[in-house]
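Participant: Show me the folded form of this:
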Amino acid sequence: METVTASLATTSGFDTRRPDYQAFKARMHQELLAVLNLNRLNEIGRQDAEPEIRAVLANLLARESQIPLSLFERECLIADIINELFGLGPLESLLRDPEVADVLVNRFDQVYVERHGRLEPTSVTFKDDAHLLQIIELIVSEVGRRIDESSPMVDARLRDGSRVNAIIPPLALDGPALSIRRFPFDRLDAHDLIARRTLTQPMLDFLQAAIACRLNIVVSGGTGAGKTTMLNVLSSFINERERIITIEDAAELVLRQRHVVRLETRPANIEGKGAIKQRHLVINALRMRPDRIILGEVRGDEALDMLQAMNTGHDGSLTTIHANTPRVSLYRLDTMVAMINLNIPERAIRQQVSSAINLIIQVSRFSDGTRKVTQISEITGMEGDIISMHDIFTFERDGVRDDGKVIGRFKATGVRPACSDRLAAAGTRLSPTLFNHVEPVN
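Facilitator: Residues are numbered from 1 along each chain as shown. The predicted structure is shown next:
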C-alpha cells in the first residue's frame, strides 16, 4: 500500500479515475463501515449524519501516516465516500450540476454528459463493473424493480424525476450501461424559446392561437430535439378552466394549470404480468371527461385510439412522435395503426390521420447544440391516397460559421393557413403580415 499511496499523493494532476485512488477509496469506505452505526445513520439522514462521518473519516485518514494527501485530495476522497453512503456514488457530482442534461455511462470507466446540446467526456469513473451494477441496483430497487440476468433491462426514475434506463450483461457486451435523462426544475417557457432563437414571435403567436382554438397538434423530432420542452410550452397556453389528462410512459410534463390529472404506464411485474400500456390509459382517459388529452409520445398501438379520440370531439389534443420530417411522422402513424392487425384499409387509416391532425411542428437539434423549430406544417386533407400538407413556417439553413454556429433564417412561406377561418371564428384574427416575415439567425 505504501507505493500505491505514495504515487497517489505525489501526482501533480489528481485524477479520481486512477486505479490506486479507487483502491484506496474502497479501503477507506470499508474501514468507515466497520465503525459506523448504519441503522442510526439511516434514521437521522444525510444532513445530520455528514458532520459525524467527516469526523470519523478525518481520524481514519490521520492514521495513514504514509499518505500525505493534500487538502483538495482529502476533500475529494471524503465527498466520494459520503456519496457512496447516501447517494449514487460517482454520479452525485454530475447530478448536482444544473448544466448537465444527460448522464451516459457506457461502461464503468467511461462516463459522458451532455451540456448545452453537446456530449463531452468526464473524469468520473466507477471502481469496476460490480461497483456500477451496485449503483444500478440501488436506483431500480427504490422504485420496486429489479435487474438481473433474467431481467437485464429496466426503466426507472430518480427521486427528482430524472428518467433512467439500464441494461446489463449478457445484453450489454462491455458491462453494465446506464443512461439518465435529467429534467430541469426551471422549465423553459415561451420567452426562453424566443431568446434562444428556437422559434420567432410570429411563429409563437400562431401556435398560441392554434392552441386557443383547439387544433390537434403533433410535435415531431429526433431524440433530444426538444419535443417534450415544446409540448410543455404549448400546454402552457391551455385555458386554466379546462380539464387536462396527461398520459406518459415516464412522467416528464410539468403543467402549471390546476385542473390536471397525470397518468403513467406501469411495466410488468417479476412474473411478466400486470403491465398497463399507454393504450389502456388513453381508453380510460376518454371516460374521465377530459377537455384536453396530452399524450407524452405516441409510439405503438395507442396511435389508433389517439386518432379516434381526436376525431370524436376531443379536439385540442397534443402529442409527440419520433420522426425526422412531418411527412415521415405521418408514415410512422400509418405503420403504428397497421401493426395492430385490425385489417383497416390503408386509405381509411390515412383518412383518420388527415381528419384528426391539424398541425405538425418539427423540432431539430443542430450540430452546434441549438434546437430550432424547422417546420410548422398544416394538414389540409386528402388528394387521392396521399395526405396533403403544406408548410406555414420553415427554417432554412445556410451553413455553419467558423466557430461552429449554424446560420440560417426563419421564414414564413406566405401560404395562408386553411385553419385561418377557424381561428377567426374562435375570436383570433392574425395579421396577414405574420405569414410573410423573414428573420435571419446569425
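Participant: rest of the way, CA atoms for contacts and neighbours
Facilitator: Will do.
Participant: in the chain, which residue is closest to the centre?
Facilitator: Arg181 (4.9 Å; Cα atoms, centre = their mean).
Participant: That one contacts Ser162, doesn't it?
Facilitator: Yes - between Arg181 and Ser162 there is a contact under Cα atoms under 8 Å: 5.6 Å.
Participant: just to revisit the earlier point, for the residue nearest to the centre of the chain, give its distance to Val100.
Facilitator: Distance from Arg181 to Val100, counting by Cα to Cα, to the nearest Å: 9 Å.
Participant: ok, back up a step: which ones are touching the residue nearest to the centre of the chain?
Facilitator: Neighbouring residues of Arg181 by Cα atoms under 8 Å, 6 or more residues apart in numbering: Ala101, Asp102, Val103, Ser162, Arg163, Val164.
Participant: The fifth one reaches Ala250, doesn't it?
Facilitator: Yes - with contact defined as Cα under 8 Å, Arg163 and Ala250 form a contacting pair (7.0 Å).
Participant: Name the single longest strand found in the protein.
Facilitator: strand 386-400 (DSSP state E).
Participant: Buried ones in that strand, by neighbour count?
Facilitator: Residues Ile387, Met389, His390, Asp391, Ile392, Phe393, Thr394, Phe395 are the ones in strand 386-400 that count as buried (16 or more other Cα atoms under 10 Å).
Participant: What residues of the helix or strand harbouring Gln30 count as buried?
Facilitator: In the assignment (DSSP states H and E), Gln30 maps to helix 19-35. Across helix 19-35, burial judged by 16+ other Cα under 10 Å covers Pro19, Asp20, Tyr21, Gln22, Lys25, Met28, His29, Leu32.
Participant: can you give me the offset of it from its chain's centre?
Facilitator: 35 Å (Cα atoms, centre = their mean, to the nearest Å).
Participant: pLDDT on that helix, on average?
Facilitator: Per-residue pLDDT over helix 19-35 has a mean of 72.
Participant: quick one: terminal-to-terminal distance for stretch 153-166?
Facilitator: End-to-end distance of stretch 153-166 (Cα to Cα): 6 Å.
Participant: can I have stretch 283-295 written out in PDB, keeping just the CAs?
Facilitator: Provided in PDB are the C-alpha atoms of stretch 283-295 (Å, rounded to 0.1, in the frame of the first residue of the first chain):
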ATOM      1  CA  ILE A 283     -59.100   4.400 -23.400                       C
ATOM      2  CA  ASN A 284     -59.600   5.100 -19.700                       C
ATOM      3  CA  ALA A 285     -58.900   8.800 -20.200                       C
ATOM      4  CA  LEU A 286     -61.900   9.100 -22.500                       C
ATOM      5  CA  ARG A 287     -64.100   8.100 -19.600                       C
ATOM      6  CA  MET A 288     -62.700  10.800 -17.400                       C
ATOM      7  CA  ARG A 289     -64.400  13.800 -19.100                       C
ATOM      8  CA  PRO A 290     -61.300  15.400 -20.500                       C
ATOM      9  CA  ASP A 291     -61.200  18.800 -22.200                       C
ATOM     10  CA  ARG A 292     -57.700  18.000 -23.500                       C
ATOM     11  CA  ILE A 293     -55.700  14.800 -23.700                       C
ATOM     12  CA  ILE A 294     -51.900  15.200 -23.900                       C
ATOM     13  CA  LEU A 295     -50.100  12.000 -24.900                       C
END
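Participant: which regions of the protein sit below the pLDDT cut-off?
Facilitator: Residue ranges of the chain with pLDDT under 70: 1-18, 37-47, 64-69, 184-186, 270.
Participant: domain assignment for it?
Facilitator: 2-86, 92-181, 190-441 (automatic domain parsing).
Participant: number of nearby residues for Gln278?
Facilitator: Gln278 has 26 neighbours, counted by other Cα atoms under 10 Å.
Participant: Now do the contacts for it.
Facilitator: Gln278 is in contact with Ile247, Glu248, Asp249, Glu264, Thr265, Glu302, counting by Cα under 8 Å, 6+ apart.
Participant: Farthest pair within the residues you listed?
Facilitator: Taking every pair in the contacts of Gln278 and measuring Cα to Cα, the maximum separation is 13.6 Å, between Glu264 and Glu302.
Participant: Which of those two has more residues huddled nearby?
Facilitator: The neighbour comparison of Glu264 against Glu302 (other Cα under 10 Å) goes to Glu302, with 22 against 17.
Participant: thought the more buried one was touching Val282?
Facilitator: Yes - using Cα under 8 Å, Glu302 is in contact with Val282, at 7.0 Å.
Participant: Secondary structure of Thr223: a helix, I assume?
Facilitator: No - if the criterion is DSSP: H, G, I helix; E, B strand; the rest coil, then Thr223 is coil and not within a helix.
Participant: wait, it sits on His322?
Facilitator: Yes - counting by Cα under 8 Å, Thr223 touches His322, with 7.2 Å between them.
Participant: Could you give the backbone dihedrals for Arg241?
Facilitator: The phi/psi pair for Arg241 (degrees, to the nearest 10) reads phi -80, psi -10.
Participant: mind listing what the nearest residue to it once chain neighbours are set aside touches?
Facilitator: Sequence neighbours aside, His259 is the residue nearest to Arg241 in space, at 7.4 Å (criterion: Cα to Cα, 6 or more residues apart in numbering). Residues in contact with His259 (Cα under 8 Å, 6+ apart) are Glu240, Arg241, Glu242, Arg243, Ile244.
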